[in-house]
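Trainee: Build me a model from this:
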Amino acid sequence: MVEEYTDPELMHANFSKLVDLVVDGGIGGMIPSTIIDCTDEMPVVIREGLGEWSE
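Mentor: Numbering: from 1, shown residues only. Model prediction:
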């Protein structure tokens, strides 16, 4: 189901054991979001999603 990957509440329910945080920005579309790895001293962009990005 598409909703499993676009609805923040379902994403949290499905992936909460795999991630530390789900940011609820409302229902998303089919364009992937940005993923940032914050496990090291400096955050690293793993995947750049929709939207403008500036460092």
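Trainee: does Val45 really touch Thr34, like I thought?
Mentor: Yes. When contacts are counted by Cβ atoms under 8 Å, Val45 is listed as touching Thr34 (6.7 Å). For the C-beta atoms, the positions are set from N, CA and C on the backbone; glycine is no exception.
Trainee: dump the residue contacts of Glu3.
Mentor: Listed by Cβ atoms under 8 Å, 6 or more residues apart in numbering, the contact set of Glu3 reads Leu10.
Trainee: Okay, it and Glu9: tell me how far apart.
Mentor: For Glu3, the distance to Glu9 equals 10 Å [Cβ to Cβ, to the nearest Å].
Trainee: what's the answer for Pro32, then?
Mentor: Pro32 is 19 Å from Glu9, by Cβ to Cβ.
Trainee: which one is Asp24 nearest to, not counting chain neighbours?
Mentor: Nearest residue to Asp24 in three dimensions, chain neighbours excluded: Pro8, at 4.0 Å (Cβ to Cβ, 6 or more residues apart in numbering).
Trainee: and the nearest residue to Pro43 once chain neighbours are set aside, which of the three is it?
Mentor: Using Cβ to Cβ, 6+ apart and skipping residues adjacent in sequence, the residue nearest Pro43 is Ile36, 5.1 Å away. Put simply, Ile36 is strand when judged by DSSP: H, G, I helix; E, B strand; the rest coil.
Trainee: ok, Ile36 touching Ile46?
Mentor: Yes. With contact defined as Cβ under 8 Å, Ile36 reaches Ile46; the gap is 6.7 Å.
Trainee: Which one of these two is surrounded by more residues?
Mentor: More crowded of Ile36 and Ile46, by other Cβ atoms under 10 Å: Ile36, with 12 against 9.
Trainee: so what's that one up against?
Mentor: By Cβ under 8 Å, 6+ apart, Ile36 lies in contact with Pro43, Val44, Val45, Ile46.
Trainee: Would you confirm that Glu9 belongs to a helix?
Mentor: Yes. The assignment for Glu9 by three-state DSSP puts it in a helix.
Trainee: So what's the residue count around Asp7?
Mentor: 17.
Trainee: hang on, it packs against Gly29?
Mentor: No. Using Cβ under 8 Å, Asp7 makes no contact with Gly29, being 11.6 Å away.
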